[in-house]
Structure formats: structure tokens, C-alpha cells
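Visitor: have a look at this prediction, sequence included:
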Amino acid sequence: MLALSGAETDLPERMPLALMMMLLALIGGRIIPTFTNDHLVRQGLPEQAVSFSRFDGLSLVLTAIAAIAWTAQPQAMETAWVLVTTGLIHAIRLSRWRAWTAWREPLVLILHLGYGWLALSLVLLGGSILGWGLQTADAVHALTTGAMGAMTLAVMTRASLGHTGRPLHAGPMTVVIYVLVNLGAILRVFGPITGLPTNLMLGVAATAWSGAYLLFATLYGPLLTRPSIDE
């Protein structure tokens, strides 16, 4: 309890969000390089994404420390610098998976974009404590609407295609889903600092982000209620 002295009243909210940081770092580090290499192999290209190493282990340890620090002492300067450092480490980790080698396949690229939101959210959270520009509430949305939103749709679309026996390729409307969820996240996170009417920016952000999930349900719902085409 002493570690939580001076903590904000939104502790119940920070705890699950801190857990999501860890899950995104852990699961993302497992599937992104694997799916990237799988795509390259299908294209007849050599594998490029680096497999799990000590650097990845370091990034996970730092994420755990950052998550615990942010949960217990969300306004401490030490927490801020741990968050910023962890975010930069994740950006380096992401670069080692070589997104540019698979940029022609949105189904793979969206995974990298989602993980990029995770790295950015950590930097923005730390920056909000240090007074670098964004409010903490806006920085938190980089994790929720950005990282969680994009990564969730990335896995949902890929799993839906794979488990219904369809080619692992994102068609035009699936690309629209990815654009909408990222647009919604960008507007929600950075919209308040543009100087434009707040209600307008938040309304457009909510429409775009929710529209991505509605479009997913419309496109993929029928596929998931029918037998797999490879049965």
C-alpha cells in the first residue's frame, strides 16, 4: 500500500491498461516477426524479421517495470523516464522486424502499425508526465484506440481469413477497416491539440474508429457463420 501512496483515483483503470501493455508486447513479439517471415516465405523471399533474442527479453522486462511504475506512481518523474525509455526500446524492437519488407501486404503491415502505436503510447504517456504537450488522457488513448484497436482488428481479420480457408490477403475493404481504425486513433490522440473544435474532432474520431469495427462485422460476420471453404 505504501507504493500506492499519492496515486490517482483511477487506479482500477490503470491496472488493466498496464496489463494490456504487457500482453501487447508479449503477444506482438510472438506473432509479428512470425507472420512477417511467413509472408516473405510465401513470396519466395528470405526471412527478414529477427527472432526472439535477449533484446526482446530486455524490452519485456522494461515493459513490466514501466507498467508497475505507472500503476503505482503515475505522476513520478522516474515513471515518466521509464515509460519514455521503454517506448524507444520498443521502437527499436519494431524496426528489427523490418516492416518495409512486407509493406505490400496490409494484413501484415497493420500488425507493425499496431505495435508502433504501443511504442508511441509509452513515449506519449511519459511525455505527458514531463509536460511535453499531450494531456495524459490523450496519451492513454494512444494505447487504447491506437495499439489495442489496431492490433485487435489486425488479429481478428487475419484469424477470420485463415480459419475460413481464405487466402491471407487483405482486400480493399479490409484496407478501409485499417485506415478507419488508425484515423480514429490519430484524431482522438492528436485532435485536441490541433485547435479545431473538440467536439467535432472527437465525433469524427469516434465515427471512424467505431466504423472500422462495424465494417468488420459487416464484411466478416457472414464468413464466420458459414462453413470454411476448405472443408
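Guide: All right, it came through fine.

Visitor: burial count for the nearest residue to residue 94 once chain neighbours are set aside?
Guide: In space, and not counting its chain neighbours, residue 94 is closest to residue 115: 5.3 Å by C-beta to C-beta, 6 or more residues apart in numbering. Quick note: C-beta positions are derived from backbone N, CA and C, even for glycine. If you count neighbours by other C-beta atoms under 10 Å, residue 115 ends up with 27.

Visitor: do residue 13 as well
Guide: Each residue near residue 13 was counted by other C-beta under 10 Å, and the total is 12.

Visitor: which strand or helix spans it?
Guide: Per DSSP states H and E: residue 13 is located in helix 11-42.

Visitor: following element in sequence after that helix, please.
Guide: helix 54-72.

Visitor: put the alpha carbons of that next one into CSV.
Guide: Only the C-alpha atoms of helix 54-72 are listed here, as CSV (Å, rounded to 0.1, in the frame of the first residue of the first chain):
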residue,chain,number,x,y,z
ARG,A,54,18.0,-11.0,-25.4
PHE,A,55,17.0,-7.6,-26.7
ASP,A,56,13.4,-8.7,-26.8
GLY,A,57,13.7,-10.1,-23.3
LEU,A,58,15.0,-6.7,-22.2
SER,A,59,12.1,-4.9,-23.8
LEU,A,60,9.6,-7.2,-21.9
VAL,A,61,11.4,-6.6,-18.6
LEU,A,62,11.3,-2.8,-19.1
THR,A,63,7.6,-3.0,-20.1
ALA,A,64,6.9,-4.8,-16.8
ILE,A,65,8.8,-2.2,-14.8
ALA,A,66,7.1,0.6,-16.7
ALA,A,67,3.6,-0.9,-16.2
ILE,A,68,4.2,-1.4,-12.5
ALA,A,69,5.6,2.1,-12.1
TRP,A,70,2.8,3.7,-14.0
THR,A,71,0.2,1.8,-12.0
ALA,A,72,1.8,2.7,-8.6
